[in-house]
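**Q** 3D model of this:
(one chain, ligands or ions: 1)
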Amino acid sequence: MDQIIVKGGGELNGVIPIAGAKNAALTLMPATLLTEEPLTLTNAPRLSDIKTMTELLGSLGAEVAAMQGGKVLALSSHNIHNHTADYDIVRKMRASILVLGPMLARDGHAVVSLPGGCAIGARPVDLHLKAFEAMGAELDLRDGYVHAKAPGGRLKGAVINFDFASVGATENALLAATLAKGTTEIRNAAREPEIVDLAQCLRKMGAQIEGEGTSVITVQGVDRLGGATHPVVTDRIELGTYMLAPLVCGGTVECLGGTIDLVGAFCEKLDAAGASVEQTETGLKVSRKNGRIQAVDVTTEPFPGFPTDLQAQMMALLCTAEGTSTLEEKIFENRFMHAPELIRMGAKIDVHGGHATVTGVDKLKGAPVMATDLRASVSLILAGLAAEGETVVSRVYHLDRGYEHVEDKLSAVGASIERVKES
Ligand code: UD1
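**A** Numbering: from 1, shown residues only. Got it, this is the predicted structure:
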């Protein structure tokens, strides 16, 4: 297993290119199942989660060719011969549930393993299933699998009213609604940029969609969809993560491809903490305004609020801020697993339920730490960049799910970071 070794203390200066969004690619890839024509995704990120989705689509009969080192994905689903998404793949990645909507919409039946729990919380899929039921699907949950059927072979348009603006459930419902008979209205839809990106791609494929990016998405089902070529939107979570790098250790970093609209609420908090964020023609340039970062209070919310996927990284910044910050996690029930690891590095953090209080210390100290999930792992790297001495992060397979070439990107701006095989 790989480890990442970070030696902290130095300033970071230069540019970091930001990749296409993992979470957008993971919902765009299953869109191939809606058409027999080719779907080409450009600006794809090179991540292990993309390989997992490639494996899953391949198991169903889709062809996924990675070109240009993985930056371009050519997908084709002219020969879907299997309608069962197996537990062995689904358990690796919760986003696997996103093949259910498209398969059901295209062929009227699908069997998908339930994803099960994951490290950051229970994460059920009840909202996904309620959406399909509203569209007329008959669902049977047995042996850990969802067996779904559309009577007459086709889903029906419906009003879907989500209790919570779930990202995945909105995506699954949107994918399915494109081929349903009649009109679907998704109420209390999630508004994340990845959903807007999905709607834009589906529209290129011939779908009739209105309202993406708002709380009500309306889809007029069509009989068939065609192929398309679509660039994956910039990864706002990778963007936010690297925007924090010059704030934890000083210097100026420009994140190429970044735009404020992707990270608005996050930028407001950075501004309050004493960061300067400048939109340039090519990206977002970030540095400290002057002196030490100040404490701020953060609450995670669905988009356009502060993203839960940047909470761990923000905590790493606040560990050395002046004053006491509070972080409230409102999306996932168990998402402070990075806190005990940061405490090992000298941070002063109290976690009580969904709240954490962080009292800034002058310096963190390098230590051996363990990544517990994707975003937690990169927060430990950020903390390592700020710390005195050496930090060794183990279990970095979590990191590889969502960050491509993290050590190359950070070394290019002056960080002392390397990947080694665990001894
Ligand atoms: C997506 C992102 C993930 C991000 C999350 C919230 C992908 C691949 N992943 O995950 O990185 O952290 O959005 O921004 O895009 N819930 C239910 N029932 C459901 C579905 C969700 O109770 O059927 C709950 C979850 O347990 C969680 C909350 O709703 O507490 C948010 O989940 P959701 O918005 O669905 O996140 P994901 O789509 O899983």
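**Q** I'd guessed Ala207 sits against Arg224; true?
**A** No: applying C-beta atoms under 8 Å, one finds Ala207 not in contact with Arg224, separated by 10.4 Å. Bear in mind the C-beta positions are built from the backbone N, C-alpha and C, glycine included.
**Q** quick one, which of the two is more surrounded?
**A** Here Ala207 and Arg224 are compared on neighbour count by other C-beta atoms under 10 Å; more neighbours surround Ala207, at 25 against 13.
**Q** Any figure for the gap between the more buried one and the ligand?
**A** 19 Å (C-beta to the nearest ligand atom, to the nearest Å).
**Q** residue contacts, that residue?
**A** Applying C-beta atoms under 8 Å, 6 or more residues apart in numbering to Ala207 gives the contacts 178, 199, 219, 222, 225.
**Q** likewise Ala137?
**A** Applying C-beta under 8 Å, 6+ apart, we find Ala137 in contact with 104, 148-150, 155.
**Q** filter the contacts of Ala207 to the buried ones?
**A** Buried members of the contacts of Ala207, counted by 16 or more other C-beta atoms under 10 Å: 178, 199, 219, 225.
**Q** of those residues, closest to the ligand?
**A** Ala199 (14.5 Å; C-beta to the nearest ligand atom).
**Q** For that closest one, give me the pLDDT.
**A** We have a pLDDT of 98 for Ala199.
**Q** Please tell me how far the residue nearest to it when sequence neighbours are not counted sits from the ligand.
**A** Among residues not flanking Ala199 along the chain, Glu212 sits closest, at 3.5 Å (C-beta to C-beta, 6 or more residues apart in numbering). Distance, Glu212 to the ligand, by C-beta to the nearest ligand atom: 15 Å.
**Q** Would you mind confirming that Glu212 is in contact with Val196?
**A** Yes: counting by C-beta under 8 Å, Glu212 touches Val196, with 4.8 Å between them.
**Q** Of these two, which one has the most company?
**A** Glu212 (25 against 17).
**Q** Show me the domain layout of this protein.
**A** Structural domains assigned to the chain are 2-19+234-421, 22-231, following automatic domain parsing.
**Q** Help me confirm that Leu382 comes into contact with Ala316.
**A** Yes: in this structure, Leu382 is within contact of Ala316 by C-beta under 8 Å, at 4.1 Å.
**Q** Give the residue from these two that has the larger number of neighbours.
**A** The neighbour count for Leu382 versus Ala316, taken as other C-beta under 10 Å, is higher for Ala316 (30 against 27).
**Q** tell me which residues of the helix or strand containing the more buried one are tucked away?
**A** Under the criterion of DSSP states H and E, Ala316 resides in helix 311-318. Neighbour-count burial for helix 311-318, counted by 16+ other C-beta under 10 Å, picks out 311-318.
**Q** and what of stretch 212-222?
**A** 212-213, 217-219, 221.
**Q** Over to stretch 57-64?
**A** 57, 59-60, 62, 64.
**Q** again, but for stretch 349-367
**A** 349, 351, 354, 356-358, 360, 364, 366-367.
**Q** Right, I'll call it a day here.
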